[in-house]
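Chemist: A predicted structure for the sequence below; I have some questions about it.
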Amino acid sequence: MGCGQSSKGKYEGGATAPKQATSGNKNAAGSKDREQVLSPRSGGKKVYVDEETAPAPSNMKRNSTLLMTLQGHSDILFAVAVFPNSQKVMSVGMDKIGMLWDVASGAPKGTLSGHPDAVYACAVFPDGQRVLTGSWDTTAKIWSVSSLEELITLSGHSKTVCAAAIFPKGDRVITGSHDNTAKIWSADGKELVTLSGHTKSVFSCAVFPGSGGRQCVVTASWDKTGILWDADSGDTLHVLKGHGNKVCACAAFSSGEAVVTGSYDRTAKVWSTTTAQEVLTLKGHKDSVCACAVFPSGECIVTGSYDKTARIWSAREGVQLVELKGHGDVVSAVAVFPDSRRVVTASWDHTAKVWDVSPDKKKDGTEQVEVVLT
């Protein structure tokens, strides 16, 4: 059946974007709960509710206000990650270190030193107490955030570790490498599964929930494909074919219904995890798309490019909503805060930037939110 969700509303080829997480909402009379749905269905009545009780529609224009620039690295940045509590972000780069930053002040909060070569990937554990890095030195390392000390070194790849992600429970991690494989490890450093199937470098990876409670993985490769995998067995579930050049970025919707890939062909694509069909193509960048992330709310996708910009897209229609300009070189990494109102970008210009990308306000100061009553 593949990794996609089997429930009604799954993200299948030709369909609108996936139905997002729902919650109850009272009607004007307060008589009964109603279901909130991002993508309008035919026959539904449109109403507007307060921003506290519903997400913004995916096609709402977004702000593009630069909040801060994080300066401290001495060379190009390759990756960035946001902590679960939104109070810190992490960046890594060619200067062989990882840096932790305080989001409130923009001040550096610590440096992770231990890799003898460039640090290419990073991720934060769900508990916010540990982080993962991947390096040109062929290893990945798990670090303590409080002590800034290395806890575990993951050795097994034969070439650069250029991708890293962490499973939702924090009990496993995954790394991708120029050795054409991805590896799944226990959080205590034991190699569990090797994912072999790509014919060129595995440049990005992400974890998402599959059907039946299992966990799945998507990998992006320079062989122009993405692959969906069963994380427990290591079996290939689907191969995503459609890009015309290297696929160097991937991300997943938290629902598990879809994944996103970014390519040197200057596009990003959204794919159904159930059918492996391409659902949307995001066109607009003027150079390679080397980074992508999905908003936790599922409303939007953000991409980073060699054209020195990041762009935010509607996850429903694939329409570009915002272009973030300000970096002086390649935007090599992007990440979204848990509130889906801020993003952080990392660049070859040696800096990271935090942006306010919250929905535009109406004149009365409230957010206009479309909800379908069914």
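Modeler: Arrived safely, thanks for sending.

Chemist: Who are the contact partners of the residue lying closest to residue 155 once chain neighbours are set aside?
Modeler: If you skip the residues right next to it in sequence, residue 155 has residue 139 as its closest partner in space, 5.3 Å away by C-beta to C-beta, 6 or more residues apart in numbering. Where C-beta positions appear, they are placed from N, C-alpha and C, glycine not excepted. Contacts for residue 139 (C-beta atoms under 8 Å, 6 or more residues apart in numbering) come out as 115, 153-155, 157, 161.

Chemist: Weed out the non-buried ones from the residues you listed.
Modeler: The neighbour-count test (16 or more other C-beta atoms under 10 Å) marks 115, 154, 157, 161 as buried among the contacts of residue 139.

Chemist: pretty sure the first one is touching residue 133, no?
Modeler: Yes - using C-beta atoms under 8 Å, residue 115 is in contact with residue 133, at 6.7 Å.

Chemist: Now the common contact residues for these two.
Modeler: When contacts are counted by C-beta under 8 Å, 6+ apart, residue 115 and residue 133 have residue 141 as shared neighbours.

Chemist: I'd say residue 164 and residue 205 touch.
Modeler: Yes - distance between residue 164 and residue 205: 7.4 Å, which falls inside the contact criterion (C-beta under 8 Å).

Chemist: Common neighbours of the two, please.
Modeler: Among the neighbours of residue 164, those also in contact with residue 205 (C-beta under 8 Å, 6+ apart) are 174-176.

Chemist: Now residue 148: closest residue in space, sequence neighbours ignored.
Modeler: Leaving aside its sequence neighbours, residue 148 sits nearest to residue 110 (C-beta to C-beta, 6+ apart; 4.8 Å).

Chemist: got a list of what that neighbour touches?
Modeler: So, once contact is read as C-beta under 8 Å, 6+ apart, residue 110 ends up touching 99-100, 145, 148.

Chemist: Likewise for residue 130?
Modeler: For residue 130, the set of contacting residues under the criterion of C-beta under 8 Å, 6+ apart consists of 124, 142-145, 151, 170.

Chemist: what's the burial count for the residue lying closest to residue 347 once chain neighbours are set aside?
Modeler: Distances taken as C-beta to C-beta, 6+ apart put residue 327 closest to residue 347, at 4.0 Å, once the chain neighbours are dropped. Here the count is done by other C-beta atoms under 10 Å, and residue 327 has 25 residues near it.

Chemist: what's the answer for the one 10 residues further on, then?
Modeler: Residue 337 has 20 neighbours, counted by other C-beta under 10 Å.

Chemist: Can you give me the buried ones in stretch 287-297?
Modeler: Under the neighbour-count criterion of 16+ other C-beta under 10 Å, stretch 287-297 has 288-297 buried.

Chemist: Could you tell me the end-to-end distance of it?
Modeler: Across stretch 287-297, the straight-line distance between its terminal residues is 27 Å, by C-alpha to C-alpha, to the nearest Å.
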